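Undergrad: Everything below, folded, please.
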Amino acid sequence: MNIDQGKIPQATAKRLPLYYRFLENLQASGKHRVSSTELSEAVKVDSATIRRDFSYFGALGKKGYGYNVNYLLSFFRKTLDQDEITKVTLIGVGNLGTAFLHYNFSKNNSTKIDMAFDVQEDKVGTEVGNVPIHHLDDLEKILDPDVTVAILTVPSSVAQKVADRLVDCGIKGILNFTPARLSVPKNVRVHHIDLSVELQSLIYFLKHYPM
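TA: Here you go, the predicted model:
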């Protein structure tokens, strides 16, 4: 089936990895069929939204039957390019960066932190989670040209400067864990994840929108 990815809403695209993770768990538990209602309860997305999301990809289920878990998993694996390993570089091996390296994304067989960079001499030349740590000064010299995604966990004061260098190296996607709002060319996508903002938002909703 040929899918025009440009016609898939971004909100739908962001939910696909969530569906995929749940389907993986279902398959591992031996379940072969799932309804949109069951999916809704598990991923906390209303069933109408799930059906609408799936409708962009054609007839993925049958009325009265639901969805075949193995088929859905196979379909979304191809849609999300889960059969290909995407190499990622990490900039900033502080507490958060170190946690990423110990976890590493290779566990889901689709993404893998290939190398990391830092400026602290006691970290350069070592490995964390089997990932080599290089000096940031060497970024342009040794960054693999096949790497197009970077995770940014540096101090916010240097985030823009590092982002500029990453763009010059050919990076097309940045997962930004700094509070800085990065300015990048239109052909580069940045996803901002500010943990302090998310925490403040959670506290606000707890106080003003009680369950």
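Undergrad: got the contact list for the longest helix seen in the chain?
TA: Longest among the helix segments of the chain by residue count, using DSSP state H, is helix 10-28. Helix 10-28 has contacts (C-beta atoms under 8 Å, 6 or more residues apart in numbering) with 5, 34, 39, 42-43, 45, 49-50, 52-53, 56, 69-70, 72-73, 76-77, 79-80, 82. C-betas here are computed from N, CA, C, even on glycine.
Undergrad: Count the residues that sit near the nearest residue in space to G94 that is not next to it in sequence.
TA: Distance criterion C-beta to C-beta, 6 or more residues apart in numbering; nearest residue to G94, sequence neighbours excluded, is T153 at 6.1 Å. T153 is flanked by 23 other residues according to other C-beta atoms under 10 Å.
Undergrad: So T153 sits against L96, correct?
TA: Yes: assessed by C-beta atoms under 8 Å, T153 is found in contact with L96 at 4.7 Å.
Undergrad: joint contacts of the two?
TA: Jointly contacting T153 and L96 under the rule C-beta under 8 Å, 6+ apart are F177.
Undergrad: neighbours around the closest residue to K31 other than its chain neighbours, how many?
TA: What sits nearest to K31 in space, not counting adjacent residues and going by C-beta to C-beta, 6+ apart, is V69, at 5.8 Å. For V69, the neighbour count with other C-beta under 10 Å is 20.
Undergrad: Could you do A99 as well?
TA: 12.
Undergrad: what residues does whichever strand or helix holds it touch?
TA: Assessed by DSSP states H and E, A99 sits inside helix 95-103. Helix 95-103 is contacted by residues 90-91, 93, 113, 116, 118, 128-129, 131, 151, 153, 177 when judged by C-beta under 8 Å, 6+ apart.
Undergrad: Same list (those) but as a markdown table, adding distance to Y103, secondary structure and pLDDT.
TA: As requested, those are exported to a markdown table (distance: C-beta to C-beta, whole Å; DSSP: H, G, I helix; E, B strand; the rest coil; pLDDT from 0 to 100):
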| residue | distance to Y103 | secondary structure | pLDDT |
| --- | --- | --- | --- |
| L90 | 11 | strand | 97 |
| I91 | 17 | strand | 98 |
| V93 | 13 | coil | 96 |
| I113 | 9 | strand | 92 |
| A116 | 13 | strand | 97 |
| D118 | 17 | strand | 97 |
| V128 | 11 | strand | 94 |
| G129 | 7 | coil | 89 |
| V131 | 11 | strand | 93 |
| I151 | 11 | strand | 97 |
| T153 | 13 | coil | 96 |
| F177 | 14 | coil | 95 |
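Undergrad: Most neighbours among those residues, which one is it?
TA: Neighbour tally across those (other C-beta under 10 Å): the maximum, 28 neighbours, falls on A116.
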